[in-house]
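Chemist: sequence unavailable; structure follows:
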């Protein structure tokens with residue numbers, strides 16, 4: 001499948017659960033159309049260490065998955081590590097986009113890189129706007145809470161997930177395989 005000028009920027013944001021799951025679902029749909037896909041994951045710890053089901057499956061399917069996070073910013077010195085990794089991750093994403101090698105790229109938890117000031121939001125959004133529509137530009141799927149108004153402005157689709165009830169906070173449950181990872 002060749003990316004076209006109709007490539008879109010899709011954002012899944014909000015306080016509700018399921019943003020990453022929606023993005024991975026979008027990627028699975030693209031794979032079903034023989035698309036070339038990749039994942040750049042920000043903020044979160046290494047999915048191999050978490051034994052993440054989506055990571056395991058996508059690696060088996062040959063989907064490149066690069067990790068650019070060390071964990072939540074309020075844990076230890078992760079804030080400084082995440083800021084450094086975000087810059088490396090954004091450079092990788094720009095290389096992927098510029099290579100025209102992919103039809104769809106997921107930027108998981110990418111909104112935090114902007115809301116926490118790890119990356120310059122104006123520069124990122126300008127770069128996306130300047131490159132979108134050029135031949136080879138892939139569909140971009142972005143996830144995370146608190147998507148900035150600038151980012152929303154360059155998006156073609158924004159879905160906001162709203163928490164109504166959550167088993168981890170309401171029933172004092174632990175995170176479990178197949179549901180959280």
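Modeler: Done, it's in. Since the structure is predicted, the reported quantities are computational estimates derived from the model, not experimental observations.
Chemist: can you count the residues close to the closest residue to residue 160 other than its chain neighbours?
Modeler: In space, residue 160 comes closest to residue 14 once its chain neighbours are excluded; the distance is 3.9 Å by Cβ to Cβ, 6 or more residues apart in numbering. C-beta coordinates here come from the backbone N, C-alpha and C atoms, glycine included. For residue 14, the count of nearby residues is 19 (other Cβ atoms under 10 Å).
Chemist: for residue 137, see how far away residue 103 is.
Modeler: In this view, residue 103 and residue 137 are 10 Å apart by Cβ to Cβ, to the nearest Å.
Chemist: same thing with residue 180?
Modeler: 33 Å.
Chemist: between the two, who's got more neighbours?
Modeler: Counted by other Cβ under 10 Å, residue 180 and residue 137 do not tie: residue 137 has more neighbours, with 23 against 16.
Chemist: excluding its backbone neighbours, what's nearest the more buried one?
Modeler: Nearest residue to residue 137 in three dimensions, chain neighbours excluded: residue 7, at 4.8 Å (Cβ to Cβ, 6+ apart).
Chemist: specify the local secondary structure of the one you found.
Modeler: Here residue 7 is recorded as coil under DSSP: H, G, I helix; E, B strand; the rest coil.
Chemist: just how off-centre is the longest helix seen in the chain within its chain?
Modeler: Identified as the longest helix of the chain according to DSSP state H is helix 78-99. Centroid separation for helix 78-99 versus its chain: 12 Å, with Cα atoms, centre = their mean, to the nearest Å.
Chemist: which residues touch the residue nearest to residue 160?
Modeler: By Cβ atoms under 8 Å, 6 or more residues apart in numbering, the contact list for residue 14 reads 145, 159, 160, 161, 162, 163.
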